[in-house]
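Enquirer: Next one to model:
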Amino acid sequence: MTTVPVEVTFCVVNTEQRQLLVRCLDAIAAERAGLDVATEVLVLDNASRDGSVGAARNHPTCDEVIVNEQRRGKGENDTALLRRARGRFCLLLNEDSELKPGATRALLDALRDDERCGAAGAQLLRPDEQQQASAWRFPTATTAFVNALFLHKLFTVQSRGTKTRRVDWAQSAALMVRREAAAEIGWFDPAFFVYSDEVDFCRRLRDAGWHTLYVPAALAIHHEQLSTGDVPERRIVELSRNRDRYMRKHHSAGSAAIVRWLTAWTYAVRTVAAAVLPHHSPRRYWRHVTATLHPEEGEGLREAAYDHNRGGRRL
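Expert: Predicted coordinates:
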């Protein structure tokens, strides 16, 4: 009997979000039912303790569950799924991403129609279905200056319009990747534990002659279960250190320093504004200022994972 080659692999990384994972898998099941190509669904559980593994194994659309005994970073987990996948195209999803009908087909068509497209990102929606930014220009000293003038929505955000377009990078919450291109550039860089991992990935795709598309016809709700409390300390630290890591990797130390100061200025202005605006936290914005200026200090999500793996506090 001839085996039909897998065209699309759905790759889901889950960390302690059982209920959202089930919603994600329900949406994938609906997508698979409407596709005329062979597909598979892989779930990588990142050392969860909330019953996520059982929920994934019992879900009828899940073909394989990979269980991390130790908590690892997003880039490393995405690489593990890409290596395991049999599909020519791999749709990377967070557990808090919920595909809308037809999203997979729109991303697949975009990649099939453009042989040098290495990745294609969906239009991300908030839970109230309002659009959120999901594609941007690569970080540089220039974009940091634009952001400091609060003109980023005009000049830095690229997830605009109703037509598929080239962008610098797209968020990996719902990102379809051409597996051949990912293998060519050596997958994701594990140095980026989380945050800036997809920025670096898309940058290396571009450097290798590939490009990234933003596909507004592909819609996905991004529930963004990323932070709790007034000041998500470890996430702020991790965001700042990996922004700096990206700049030092792809630009000069001088450019990295300029970006630190300009970004800190932007957050300082927001700190002042938050003091008079309702529902804003000056303390949270100020923590962004200090973490941006000193990205080498503090404990981030990488340290939280170490702590989790030793049986201590959770993320």
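Enquirer: So what touches the helix or strand containing Leu107?
Expert: Leu107 belongs to helix 103-113 when elements are defined using DSSP states H and E. With C-beta atoms under 8 Å, 6 or more residues apart in numbering as the test, helix 103-113 has contacts from 7-8, 10, 31, 34-35, 37, 89, 91, 117, 120, 122, 164, 174, 176, 178, 213, 215, 217-220. All C-beta atoms are positioned from the backbone trio N, CA, C, and that covers glycine.
Enquirer: mind listing which of those residues are in strands?
Expert: Counting by DSSP state E, the part of those found in strands is 8, 10, 89, 91, 117, 120, 122, 174, 176, 178, 213, 215, 217-220.
Enquirer: are any of the contacts of helix 103-113 buried, and which?
Expert: Neighbour counting over the contacts of helix 103-113 (16 or more other C-beta atoms under 10 Å) leaves 7-8, 10, 31, 37, 89, 91, 117, 120, 122, 164, 174, 176, 178, 213, 215, 217-220 as the buried ones.
Enquirer: Touching, Arg83 and Gly186? I think so.
Expert: No - taking C-beta atoms under 8 Å as the definition, Arg83 is not a contact partner of Gly186, at 11.2 Å.
Enquirer: Burial check on Ala183, number of neighbours?
Expert: By the criterion of other C-beta atoms under 10 Å, Ala183 has 12 neighbours.
Enquirer: Offset the numbering so it begins at 39, please.
Expert: All set: I'll call the first residue 39, so the last point we hit is now Ala221.
Enquirer: Can you show me the helices along the stretch 89-238 of the chain?
Expert: 90-96, 112-122, 141-151, 179-186, 190-193, 217-222, 235-245 (DSSP state H, counting those that start in this stretch).
Enquirer: Turn these into CSV, columns for mean pLDDT.
Expert: Below are those laid out as CSV (pLDDT from 0 to 100):
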stretch, mean pLDDT
helix 90-96, 97
helix 112-122, 97
helix 141-151, 98
helix 179-186, 97
helix 190-193, 94
helix 217-222, 98
helix 235-245, 98
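Enquirer: mind checking which of these is nearest Glu133?
Expert: Glu133 lies closest to helix 90-96 among the helices of the stretch 89-238 of the chain, at 8.0 Å (C-beta to C-beta).
Enquirer: name the helices or strands packed onto the closest one?
Expert: Helices and strands touching helix 90-96, by 3 or more C-beta pairs under 8 Å, 6 or more residues apart in numbering; DSSP states H and E, are helix 56-71, strand 77-84, strand 102-106.
Enquirer: Just the buried positions in it, please.
Expert: Using 16+ other C-beta under 10 Å as the test for burial, helix 90-96 gives Ser90, Val91, Ala93, Ala94.
Enquirer: so who does the residue lying closest to Ser90 once chain neighbours are set aside touch?
Expert: Using C-beta to C-beta, 6 or more residues apart in numbering and skipping residues adjacent in sequence, the residue nearest Ser90 is Arg56, 4.4 Å away. By C-beta under 8 Å, 6+ apart, the contact set of Arg56 is Ser86, Asp88, Gly89, Ser90, Ala93.
Enquirer: and of those residues, the nearest to Ala229?
Expert: Nearest to Ala229 among those, with distances taken as C-beta to C-beta, is Ser86, at 23.9 Å.
Enquirer: Now do the phi/psi pair for the residue nearest the centre of the chain.
Expert: For the chain, the residue nearest the mean C-alpha position is Ser210 (3.2 Å; C-alpha atoms, centre = their mean). With angles defined as degrees, to the nearest 10, Ser210 sits at phi -90, psi 10.
Enquirer: just Leu331 next, same as before
Expert: Dihedral angles for Leu331 - degrees, to the nearest 10 - are phi -70, psi -30.
Enquirer: For the nearest residue in space to it that is not next to it in sequence, give me its contacts.
Expert: In space, Leu331 comes closest to Ala302 once its chain neighbours are excluded; the distance is 5.0 Å by C-beta to C-beta, 6+ apart. Residues in contact with Ala302 (C-beta under 8 Å, 6+ apart) are His326, Val327, Thr330, Leu331.
Enquirer: measure the first one to Gln57 for me?
Expert: Read it as His326. As judged by C-beta to C-beta, to the nearest Å, His326 and Gln57 stand 29 Å apart.
Enquirer: who's more crowded, these two?
Expert: A count of neighbours by other C-beta under 10 Å puts His326 above the other of His326 and Gln57, at 21 against 15.
Enquirer: Am I right that the more buried one is in a helix?
Expert: Yes - the assignment for His326 (DSSP: H, G, I helix; E, B strand; the rest coil) places it in a helix.
Enquirer: What does the pLDDT read for the residue nearest to Arg217 when sequence neighbours are not counted?
Expert: Setting aside the residues directly before and after it, Arg217 is nearest to Cys128 in space (C-beta to C-beta, 6+ apart), at 5.4 Å. In this prediction, Cys128 carries a pLDDT score of 98.
Enquirer: go on, Gln57?
Expert: Looking at Gln57, its pLDDT reads 95.
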